[in-house]
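# Structure for the following, please:
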Amino acid sequence: MRKISTKRFAGWPLSFLLCASILFAPFASTPVQAAEADKETKITLLGTSDIHGRFMPWDYALDGPNPTGSMTQLYTIVKKVRAENPNTILLDAGDMIQDNSAELFNDQPQSPMMVAMNEMKYDAWVMGNHEFNFGLDVLEKISSQFNGQPLVGNIFKENGDRYMPAYTIIEKDGIKVGVIGMNTPMITEFEKGTDHLNGIIVKDPVEETKKAIAELKGKVDVMVGLMHMGLDNENGNPGTGVTDIANANPELAAIFAGHMHTLIESQTVNGVLISEPNKYGSHISRIDLTFEKDGDKIVLKSKEAQALAVKAADGTYEVSDPALEETLHPFHEFARADANIEVAELKGTNLVPADEIKGIPAVQIQETPLSDFFTEVMLHYSDADVVAHQIDNDKAKLDIGPIKKKDIAFNYQYTFGEVTVYEVTGRDLKDYMEWSAGYFNSTRPGDVTISFDPKRRASKYSTDDFFGGVTYEIDLTKPYGSRITNLKYSNGTTVKEDDTLKLGMNAYRMEALIAKGGAMEGRKFKQLWSSKDASAFGEIQGTIRNLSIAYLKDVMKGVYEPKIQHNWKITGVDLTAPERADVVELINDGIMSVPTTEDGKYTNIASINILDTVTQEEIDTLSAKADVSAAQFAGVKTKGAFYQQLNKARKAAGNGEGETTPEEPTTPTVPKPTPTPGTSKPVKPSTPSTGKPDTVIKGKQAKVTAAYLNVRAGASSKAKVVAAVPKGTLLEVISTDKYGWVKVKLDGRVAFVYGKYVSILK
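Numbers count the residues shown, from 1 in each chain. The predicted model follows:
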């Protein structure tokens, strides 16, 4: 069937389109069917939340495409739903204008987020906590650009008036929907120490929802909540989760939740349907309300919720709306240009080493020059004795060469992270550090990898914090709460419990630590200084990102050569066991893998142990992956012994040289691929024509068939890699051996490649 463009009918009266659809329908409904249809009306509510500046499918911190979620992709979904049901209402639950470079446009004439929302025809938008990050002047400037209705019912002016309306009424097909908007009261904690909330008062959203419901009664047919709050109370504070709102306000038919960056497709609390669409434009929540008309009365007959994902089950992503992309293109180019401003040159060494083991990010388990760099910046500007920060990016990377603004943003992803200095004791510091070390699992004898506690790994506060100005060890053989050992100041003096010291850290982290359930619950600390203070660097220049840029430009004079500080290390893991080398090879070659959560979202949640008893199931599974017979491992008892024998067996069978791209190809010697002479059938080097150990082959060339192939100094997978050559490279062959190795010449020197990944040409 030929598709009909909806653009041709833009602006036509809905009544005409409905009549036309009836006139041209291939089959007319019977009078009884028509009467039944007239009794029911379905209103579809679509809710987004926590989009955080993703107006295009682009990561401006990385300056690269990111198809996992964006306004332009969500618009494609919205259009599909509107085509299915014209009675569709589009809502957003907050945190729209912060992150992914959206804040670049605060002093520009237009915000791309408002342009996108207006093009998509959002009906209402509730203010999230991050809407208040820039102060009320900026918020008022940006929200004034929104064509729909901004909401936030629990925030008031000092004169008692609401700062923004608590609700709006939207009518679809004669049915009036009251949408009530509330923000998390935690913004008073998040904005503590700033003037961002000066002139307004934040009240209890549970009680303010009650008041809004009372005002709406008799004016609407149904009421729904649009709440920048998660399902559960935050940090144990009552009235900060929509569960409390639902329990106190059963008059609500449904609630769109947000703030906690969680996917909740459908959950019911006290009869109230709740849905939350995750974060960063990855999903849109859909709530369908079906009404029955009974005379003059309109009755809610049923309700259901689901989440519509940008990423389909088959791994494909939703198409980005081309018209909206074109509209947003000038903003896109502006943000890209800013991201690529060079601020310094990195010399000496890369700031993050390559991961030794796939699935275990080096940046989280060891001290790196990158974490030392941020420590250096914080200590320089804060005058603190000790500083703490987080790197919440497992793929953090900054290699030798130009340092651009986008590199700083990519590696420190909390846009508004700052340095706030508190007066604490040595005991407070150690309690914080012990909480941080709880990010790791305890180890047992035989553990050869460091792993992460699955609950901490999956939580909103999901990183191990790094501490500078002190040296320390994290002993994972010790129980939770007793892991920090050899804690000393940088001058070598032991940190004592009754010491008074200045601790520089992110204020948001501190609020979580002193909240209910936190490591320092109920404690109060004197705030001495903040980089965001007007007397310091101010709201924007006081962020760690901008302090880092200033440090590189002004202090380092545009050249940075890192020096390892040797602040900390993890102990209690056997990194020297002979079997560990086999574990590393088996994982990196794809035979084994580090343990993950069932959904695969979080990796490395358990350590690999070489002393545990191996099961027949594991023997069979890994043997099949290695393409060797499992029978040869009969009688093997421990996992470590099995891993060693498995690795040896697959190498003997010629299965030990994978076609993997090096983690860090540095500057490999790469001969230029040349045209392949002839079309002769290749000869497999694994079956040389003679039975001799080496078969000399003169005047032949081997063509690399792998994506990248390691060229080694010897005929062994453990031999030193001297180069990595790409697919199509032609190598001069010297000889082959019975084990499948091919001796070649590369740039005049003798080297070896594994024959499975080359074709020898006649």
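
# hey, which helix or strand in this structure has the poorest pLDDT?
Ranked by mean pLDDT, DSSP states H and E, the helix or strand of the chain with the weakest confidence is helix 14-23, at a mean of 36.

# Quote the end-to-end distance of stretch 746-759.
Its start and end residues considered, stretch 746-759 measures 16 Å (C-alpha to C-alpha, to the nearest Å).

# Could you list the buried residues of that stretch?
Of all the residues in stretch 746-759, those buried under the rule 16 or more other C-beta atoms under 10 Å are 746, 751, 752, 753, 754, 755, 756, 757, 758, 759. Every residue, glycine included, has its C-beta placed from N, CA and C.

# from what I can see the fifth one touches residue 743, true?
No - taking contact to mean C-beta atoms under 8 Å, the distance of 11.5 Å between residue 754 and residue 743 leaves them out of contact.

# May I see the buried residues of stretch 746-759 organised as TSV, with pLDDT, secondary structure and distance to residue 349 added?
Listed next are those as TSV, based on pLDDT from 0 to 100; DSSP: H, G, I helix; E, B strand; the rest coil; distance: C-beta to C-beta, whole Å:
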residue	pLDDT	secondary structure	distance to residue 349
746	85	strand	27
751	90	strand	27
752	90	strand	29
753	88	strand	29
754	86	strand	31
755	85	helix	36
756	82	helix	34
757	83	helix	31
758	86	strand	33
759	86	strand	38
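
# Would you mind giving those residues as a markdown table with distance to residue 479 added?
Formatted as a markdown table, those follow (distance: C-beta to C-beta, whole Å):
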| residue | distance to residue 479 |
| --- | --- |
| 746 | 53 |
| 751 | 51 |
| 752 | 49 |
| 753 | 49 |
| 754 | 46 |
| 755 | 52 |
| 756 | 48 |
| 757 | 48 |
| 758 | 53 |
| 759 | 57 |
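
# Following element in sequence after whichever helix or strand residue 403 is part of, please.
Assigned by DSSP states H and E, residue 403 belongs to strand 401-404. Taking DSSP H and E as the definition, the helix or strand that follows strand 401-404 towards the C-terminus is helix 405-411.

# Determine the number of other residues adjacent to residue 535.
7 (other C-beta atoms under 10 Å).

# again, but for residue 56
Neighbours of residue 56 (other C-beta under 10 Å): 26.

# Any buried residues in the strand holding residue 403, and which?
Burial within strand 401-404, assessed by neighbour count using 16+ other C-beta under 10 Å, is assigned to 403, 404.

# Put the alpha carbons of it into PDB.
What follows is strand 401-404, C-alpha atoms only, in PDB (Å, rounded to 0.1, in the frame of the first residue of the first chain):
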ATOM      1  CA  GLY A 401      48.900  14.500  21.200                       C
ATOM      2  CA  PRO A 402      46.500  17.500  21.200                       C
ATOM      3  CA  ILE A 403      44.200  17.800  24.200                       C
ATOM      4  CA  LYS A 404      40.800  19.200  23.200                       C
END
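
# Which neighbours in the sheet does that strand have, and how are they oriented?
strand 342-346 (antiparallel) (DSSP bridges).

# got a list of contacts for the strand it pairs with?
398-405, 408, 549, 552-553, 556, 558-562 (C-beta atoms under 8 Å, 6 or more residues apart in numbering).

# One more: stretch 606-614?
441, 443-451, 454, 573-574, 577, 579-580, 583, 592, 594-595, 636-643.

# Which of the residues you listed are buried? Put it as a ChimeraX command.
In ChimeraX syntax, the buried subset of the contacts of stretch 606-614 is picked out as below (16+ other C-beta under 10 Å):
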select :441,443,446,447,448,449,450,451,454,573,574,577,579,580,583,592,594,636,638,639,640,641,642,643
